[in-house]
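**Student:** Mind looking at a prediction? Sequence and model below.
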Amino acid sequence: MVYEASARLRDPVFGCTGITRQFQLQISDLQSQITATQALLQKMRSPQAQILASRPGLSKFIDTINAPLNEDDDQDEI
């Protein structure tokens, strides 16, 4: 009740309802941003996936390049 009273003092017309509406608008905006970002990521990943699918050996090559070094590999260099 104290929060509602202070909200009503800050916004005599809407009170808590106005704050709730602001949060709903922020949530809606953030959901739109997430959707747009996911679409962009999908677009960016799509060409890479097409390239890998068209060249089966390329996937193994990329996995080899991205694989972490083993501790044994580090000792060979010393």
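**Tutor:** Thanks, I have the structure now.
**Student:** can you list the weak-confidence ranges in this structure?
**Tutor:** 48-49, 52-53, 56, 58-59, 61-62, 69-78 (pLDDT under 70).
**Student:** all strands for it, in order.
**Tutor:** Shown for the chain, no strands are assigned by DSSP state E.
**Student:** Identify, by residue count, the longest helix of the chain.
**Tutor:** When the chain is parsed with DSSP state H, its longest helix is helix 16-54.
**Student:** And that helix, what does it pack against?
**Tutor:** helix 2-10, helix 56-66 (3 or more CB pairs under 8 Å, 6 or more residues apart in numbering; DSSP states H and E). No exception for glycine: its C-beta is placed from N, CA and C like everyone else's.
**Student:** Mean neighbour count and distance to Gln33 added to these, as a markdown table?
**Tutor:** Output for the helices and strands packed on helix 16-54, formatted as a markdown table (neighbours: other CB atoms under 10 Å; distance: least, CB to CB, whole Å):
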| stretch | mean neighbour count | distance to Gln33 |
| --- | --- | --- |
| helix 2-10 | 11 | 27 |
| helix 56-66 | 10 | 30 |
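**Student:** what would those look like in JSON lines with distance to Gln22?
**Tutor:** Shown next, in JSON lines, are the helices and strands packed on helix 16-54 (distance: least, CB to CB, whole Å):
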{"stretch": "helix 2-10", "distance to Gln22": "11"}
{"stretch": "helix 56-66", "distance to Gln22": "44"}
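**Student:** Can you tell me which of those helices is nearest to Ser32?
**Tutor:** Nearest of those to Ser32, taken as CB to CB: helix 2-10 at 26.6 Å.
**Student:** what angle do the closest one and helix 16-54 make?
**Tutor:** Interaxial angle, helix 2-10 versus helix 16-54 (axes from the mean of the first three to the mean of the last three CA atoms, to 10 degrees): 100 degrees.
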